[in-house]
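Colleague: Below: sequence and its predicted model.
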Amino acid sequence: MKVLVPVKRVIDYNVKVRVKSDQTGVDLANVKMSMNPFDEIAVEEAVRLKEAGIASEIVAVSIGPEKAQDQLRQALAMGADRAILIKTDETVEPLAVAKLLKAVAEEEKPQLVICGKQAIDDDCNQTGQMLAALLGWAQGTFASKVEKDGDKLNVTREIDGGLQTVSLALPAVVTTDLRLNEPRYASLPNIMKAKKKPLDVKEPSTFGVDIAPRLKVLKVTEPPKRQGGAKVASVAELVGKLKEAGVI
Amino acid sequence: MAVLVIADHNNETLSDATGKTVSAAQKIGGDVDILVAGAGCRSVAEAAAKISGVRKVLLVEAPHYEHRLAEPFAALIVSLADGYDALLKTATTTGKNVMPRVAALLDVMQISEIIDVVSPDTFVRPIYAGNAIETVQSSDKKKVITVRATAFKAAGEDGAAPIEEAPAASDPGLSSFVKEELTKSERPELTAAKIVISGGRALGSYENFEKYIFPVADKLGAAVGASRAAVDAGYVPNDYQVGQTGKVVAPELYIAVGISGAIQHLAGMKDSKVIVAINKDEEAPIFQIADYGLVGDLFKIMPELEAAL
């Protein structure tokens, strides 16, 4: 079966984000960018499905700036077969991303879409569920295990307090949680090979969907600063302070 | 103006967070109704009816709502959406699973994990794991919202709202429940715990988590977490991970043991009310945000702490 894997270019998870002084957003200039960590897990899962003989072809797709080609090349180096960039410098909200991905899915006809459960920039946690809704497909979110079972897909989900396993009719959308797998590092030969794999660049306008934002960002601010830095000298003093604060 | 709050429950007990989501709904304004959907869950509806300031409780019972799978649950919420200006649900894993599906079916851009309500169309929410806070205004006619319950005070419990039965919607039949394995730990769940104690790479092994972290956790009734470094080193499973790529927690008390305080870890715990750091390196960045820092060898301090509690 064909697998579609959406990936997003985001600020690297190790970078300390800086809020712009004019409160219009977060400073993205000269900041290290990477593939969203949950999307790396999605690519890895697709590659493992291919190695297991279950997936036949993996198509990586990204909606973002020209530079998002770097993240698509990484997906290709990890084992995706080809890539599609829907190029835009605008902010595209999850609902609009889901509409674009729906259009891609209708063209590509995958049996499975695997994406990260959320992007670590906007923390929305919506795209996979929205895509499943728009396509009328089943969804298996926050997956820690994915198993093909005849014409169904068994997905074990990380839920509050434990795990839940659901059986999904195919085609379906799966979103990844941390425990699903550990993404591989692309080897140098595979990075070289990835440069020759096909990468199509498309314009959002060619899909004929409404991607205008529904949310207006009025301001972005720093979170309240913590007044930390106090030290205690002993365990006894610590326990005393905690009792005073009423937390134990 | 009317708001529908979709209750969180397990068919037996209403979650405490539902009362907090009701108070977020009351901040939006208008009549607040609660939807309780499940199987054999009348007792949950009765508990929901006691929440103060609720107009009515809608009870929908059908076998296909027993596990609140996203596909039938979303279809039900959409079928009830007509009379409401906003649909709210706590940002639990169930809320995060079903609400974006509802939003897309209604052609609405969801507002995720709000921490404050500025006005009926303007909300505050954390981005970048809480390292920045954005205020957004929605132009959608109907609002679909998930609520970070820890940011709101629970509504009172002196209400007596009527319970009204509502018809089930049909099951789209796309998915089925196979099984559930709930963690049997006596310890509370990480994101719901009042106290969290986390270990870092300095612990060195799972055995040391068992020996130095678990006993203190059990004395405090605390949940146990870990830094990404401790998870990457294989000391504890990934579901222990607190941080930007793990779980975001905001307990009353957070105790960081042998954790240096990498940005990605701080993102997951810095909204805790009181933070304690225990680390032998007095330059560790964790001390800058800790309310109480104790410099020293955790292997000596932790047994002392256990004895002192």
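Modeller: Alright, I've got the coordinates.
Colleague: can you map out the strands along the stretch 151-300 of chain B?
Modeller: B:163-165, B:175-182, B:195-199, B:223-226, B:253-257, B:274-279, B:292-295 (DSSP state E, counting those that start in this stretch).
Colleague: Was I right to think residue B:150 contacts residue B:272?
Modeller: No - the pair residue B:150 and residue B:272 fails to qualify as a contact (C-beta atoms under 8 Å) at a distance of 10.0 Å. Placement of C-beta: from N, CA and C, glycine included.
Colleague: For residue B:231, see how far away residue B:153 is.
Modeller: Taking C-beta to C-beta, to the nearest Å as the measure, residue B:153 falls 33 Å from residue B:231.
Colleague: follow-up on the earlier one: next, show the common contact partners of residue B:150 and residue B:272.
Modeller: residue B:250 (C-beta atoms under 8 Å, 6 or more residues apart in numbering or on different chains).
Colleague: one step back: neighbour count: residue B:153 and residue B:231, which is higher?
Modeller: Using other C-beta atoms under 10 Å in any protein chain shown as the criterion, residue B:153 and residue B:231 rank with residue B:231 on top: 24 against 9.
Colleague: Contacts only, for the closest residue to residue B:266 other than its chain neighbours.
Modeller: Closest residue in space to residue B:266, ignoring its immediate chain neighbours: residue B:289 at 6.4 Å, by C-beta to C-beta, 6 or more residues apart in numbering or on different chains. Applying C-beta under 8 Å, 6+ apart, we find residue B:289 in contact with A:226, A:228, A:229, B:261, B:266, B:270, B:275.
Colleague: in the stretch 51-200 of chain B, which spans are helices?
Modeller: B:70-80, B:93-105 (DSSP state H, counting those that start in this stretch).
Colleague: With respect to burial, which of those helices scores highest?
Modeller: When the helices of the stretch 51-200 of chain B are scored by mean count of other C-beta atoms under 10 Å in any protein chain shown, the highest mean neighbour count falls to helix B:93-105 (a mean of 27).
Colleague: what are the ranges of the strands in chain A?
Modeller: A:2-6, A:9-11, A:33-35, A:57-64, A:82-87, A:112-116, A:138-149, A:152-159, A:162-169, A:172-176, A:199-202, A:215-221 (DSSP state E).
Colleague: swap in the stretch 1-150 of chain B?
Modeller: Using DSSP E, counting those that start in this stretch, the strands found in the stretch 1-150 of chain B span residues B:2-6, B:31-38, B:56-61, B:86-90, B:111-114, B:116-119, B:122-127, B:132-138, B:143-147.
Colleague: I'd like the strands of the stretch 151-300 of chain B laid out as CSV, including mean pLDDT.
Modeller: Below are the strands of the stretch 151-300 of chain B laid out as CSV (pLDDT from 0 to 100):
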stretch, mean pLDDT
strand B:163-165, 98
strand B:175-182, 94
strand B:195-199, 98
strand B:223-226, 97
strand B:253-257, 98
strand B:274-279, 98
strand B:292-295, 97
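Colleague: could I get those as a markdown table with mean neighbour count?
Modeller: A markdown table is the format used below for the strands of the stretch 151-300 of chain B (neighbours: other C-beta atoms under 10 Å in any protein chain shown):
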| stretch | mean neighbour count |
| --- | --- |
| strand B:163-165 | 13 |
| strand B:175-182 | 15 |
| strand B:195-199 | 28 |
| strand B:223-226 | 28 |
| strand B:253-257 | 28 |
| strand B:274-279 | 25 |
| strand B:292-295 | 22 |
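Colleague: I'd like the ones you listed written out as JSON lines, with distance to residue A:108 added.
Modeller: Formatted as JSON lines, those follow (distance: least, C-beta to C-beta, whole Å):
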{"stretch": "strand B:163-165", "distance to residue A:108": "44"}
{"stretch": "strand B:175-182", "distance to residue A:108": "23"}
{"stretch": "strand B:195-199", "distance to residue A:108": "43"}
{"stretch": "strand B:223-226", "distance to residue A:108": "39"}
{"stretch": "strand B:253-257", "distance to residue A:108": "45"}
{"stretch": "strand B:274-279", "distance to residue A:108": "48"}
{"stretch": "strand B:292-295", "distance to residue A:108": "54"}
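Colleague: To residue A:24, which of those lies closest?
Modeller: strand B:274-279 (30.6 Å; C-beta to C-beta).
Colleague: Quickly list what the residue nearest to the spatial centre of chain A is bridged to.
Modeller: Nearest residue to the geometric centre of chain A (C-alpha atoms, centre = their mean): residue A:116, 3.2 Å. Beta-bridge partners for residue A:116, by DSSP bridges, are residue A:176.
Colleague: Just checking stretch B:140-151 against chain A, any contact.
Modeller: Yes - Stretch B:140-151 lies within reach of chain A by C-beta under 8 Å from any C-beta of the partner chain, at residue B:140.
Colleague: contacting residues around that stretch?
Modeller: A:214, B:16-17, B:20-21, B:24, B:28, B:81, B:84-91, B:95-96, B:99-100, B:102-103, B:106, B:108-116, B:120-121, B:123, B:125-126, B:250, B:271.
Colleague: Please compute how far it lies from its chain's middle.
Modeller: Taking C-alpha atoms, centre = their mean, to the nearest Å, one finds stretch B:140-151 lying 13 Å from the centre of the chain it belongs to.
Colleague: in it, what's buried?
Modeller: B:140, B:142, B:143, B:144, B:145, B:146, B:147, B:148, B:149, B:150, B:151 (16 or more other C-beta atoms under 10 Å in any protein chain shown).
Colleague: Report the beta-bridge partners for residue 57.
Modeller: All of this refers to chain A. With DSSP bridges as the rule, residue A:57 is bridged to residue A:2.
Colleague: that answer is for a different chain, and I need it for chain B
Modeller: Applying DSSP bridges, one finds that residue B:57 bridges with residue B:34, residue B:163.
Colleague: The one 4 residues further on too?
Modeller: Beta-bridge pairing of residue B:61 under DSSP bridges involves residue B:38.
Colleague: How many residues are close by it?
Modeller: Residue B:61, neighbours per other C-beta under 10 Å, totals 18.
Colleague: Quick check: it touching residue B:44?
Modeller: No - counting by C-beta under 8 Å, residue B:61 does not reach residue B:44; the two are 10.1 Å apart.
Colleague: any shared contact partners between these two?
Modeller: Common contacts of residue B:61 and residue B:44, defined by C-beta under 8 Å, 6+ apart, comprise residue B:38.
Colleague: now residue B:39: how far from residue B:65?
Modeller: 6 Å.
Colleague: quick one, which of those two is more surrounded?
Modeller: Using other C-beta under 10 Å, the more surrounded residue of residue B:39 and residue B:65 is residue B:65, with 21 against 14.
Colleague: and the residue nearest to that one when sequence neighbours are not counted, how far is that from residue B:63?
Modeller: Leaving aside its sequence neighbours, residue B:65 sits nearest to residue B:37 (C-beta to C-beta, 6+ apart; 4.6 Å). Distance, residue B:37 to residue B:63, by C-beta to C-beta: 12 Å.
Colleague: between those two, who's got more neighbours?
Modeller: Neighbours were counted for residue B:37 and for residue B:63 using other C-beta under 10 Å; residue B:37 has more, 28 against 12.
Colleague: So for residue A:79, what's the pLDDT?
Modeller: The model reports residue A:79 with a pLDDT of 98.
Colleague: With distance to residue A:131 added, can I get the contacts of residue B:289 in JSON lines?
Modeller: Output for the contacts of residue B:289, formatted as JSON lines (distance: C-beta to C-beta, whole Å):
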{"residue": "A:226", "distance to residue A:131": "38"}
{"residue": "A:228", "distance to residue A:131": "41"}
{"residue": "A:229", "distance to residue A:131": "45"}
{"residue": "B:261", "distance to residue A:131": "37"}
{"residue": "B:266", "distance to residue A:131": "32"}
{"residue": "B:270", "distance to residue A:131": "32"}
{"residue": "B:275", "distance to residue A:131": "38"}
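Colleague: burial count for residue 205?
Modeller: This is for chain A. By other C-beta under 10 Å, neighbour count at residue A:205 equals 10.
Colleague: that's the other chain; I wanted chain B
Modeller: 13.
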